[in-house]
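Student: Starting from these lines, generate the structure:
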Amino acid sequence: MNTTTEEHVFSLWEILFSGGLLGNIIMILIFLLGILALYIFFERYFFIKRASKATPNFLENIKDFVQEGKIQTAVDYCKTIDSPEARMIEKGLARIGRPISDISNAMQNQGQLEVSKLEKNLNILASASGAAPMLGFLGTVVGMIMAFFEISNVTGAVSPKLLASGIYTAMATTAVGLFVGIPAYFFYNILVTNVDRLVLKIQTHVNEFLDALNKPL
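Tutor: As a prediction, the model looks like this:
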């Protein structure tokens with residue numbers, strides 16, 4: 001009696017893209033979300049890193065210019081520095097002579113613009129971290145429906161192999177969705193933490209600047 005052993009070779013590509021047209025579309029959408037999340041993370045990370053780069057003695061120079069009455073020199077100095085705090089202090093310098101509340105409000109308004117620049121596309125990253133697992137779950141549900149539909153059309157005994165292959169193919173989308181969603185979630189929190197740290201640093205310098213204006217010359 002001859003027996004033949006069927007050799008099964010693990011094929012990741014076959015597992016990922018064997019869920020039919022709809023399953024393949026969902027899988028492609030998840031991969032696109034992963035690429036988008038990765039791009040946003042690195043783009044924002046290096047943008048925030050550049051914005052966080054400290055200029056040596058920046059605030060001390062500003063204070064010296066103000067005490068010497070060289071307001072325009074201080075404004076020009078701020079314009080040469082590409083940082084959120086320089087742009088905020090520039091707004092304050094342009095309003096020296098007005099009440100301190102006006103100066104503070106102008107700087108706060110500029111600060112809101114700077115924060116919005118720092119947080120650009122972070123909402124998309126947050127959405128990707130939640131959408132990828134949901135798309136994966138949707139792909140699994142669709143795949144399971146298709147698998148059981150095929151089983152229902154089989155006459156006679158249902159082969160466990162047919163059932164198992166349909167299930168692991170369907171669950172592949174959930175696995176990929178989690179594979180994309182979990183790192184995207186961590187990426188989002190890393191960026192939010194860096195933004196919060198930078199905002200705190202800027203606020204500290206802004207308060208020091210306002211305190212310097214309140215001191216008698």
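Student: Buried by neighbour count: which residues of the helix or strand where Val141 lies qualify?
Tutor: Using DSSP states H and E, Val141 falls within helix 122-152. Buried positions in helix 122-152, judged by neighbour count with 16 or more other Cβ atoms under 10 Å: 122, 124-126, 128-129, 131-133, 135-140, 142-143, 146-147. Just so you know, the C-beta spots here come from the backbone N, C-alpha and C atoms, and that holds for glycine as well.
Student: I'd like the distance from that helix to the chain centre, please.
Tutor: When distances are taken as Cα atoms, centre = their mean, to the nearest Å, helix 122-152 is centred 22 Å away from the chain's centroid.
Student: Quick one: list the elements packing against that helix.
Tutor: helix 20-52, helix 160-214 (3 or more Cβ pairs under 8 Å, 6 or more residues apart in numbering; DSSP states H and E).
Student: CSV for these, including distance to Met107, mean neighbour count and mean pLDDT?
Tutor: Formatted as CSV, those follow (distance: least, Cβ to Cβ, whole Å; neighbours: other Cβ atoms under 10 Å; pLDDT from 0 to 100):
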stretch, distance to Met107, mean neighbour count, mean pLDDT
helix 20-52, 16, 16, 89
helix 160-214, 6, 17, 85
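Student: how about CSV for these, with distance to Pro84 added?
Tutor: Output for the helices and strands packed on helix 122-152, formatted as CSV (distance: least, Cβ to Cβ, whole Å):
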stretch, distance to Pro84
helix 20-52, 6
helix 160-214, 6
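Student: on that earlier part again, let me see the mean pLDDT of the helix holding Val141.
Tutor: Mean pLDDT, computed over helix 122-152, is 85.
Student: Stretch 70-78 too?
Tutor: Mean predicted lDDT for stretch 70-78 stands at 89.
Student: quick one: secondary structure of Gly69?
Tutor: In terms of secondary structure, Gly69 is coil; the call rests on DSSP: H, G, I helix; E, B strand; the rest coil.
Student: For it, what are phi and psi?
Tutor: phi 80, psi 10 (degrees, to the nearest 10).
Student: tell me, how many neighbours does it end up with?
Tutor: Other residues within reach of Gly69 by the criterion other Cβ atoms under 10 Å amount to 11.
Student: Tell me the spacing between it and Gly97.
Tutor: Separation of Gly69 from Gly97 (Cβ to Cβ, to the nearest Å) stands at 11 Å.
Student: Check Leu213 too.
Tutor: Looking at Leu213 against Gly97, where the rule is Cβ to Cβ, the gap reads 10 Å.
Student: Cheers, nothing more for now.
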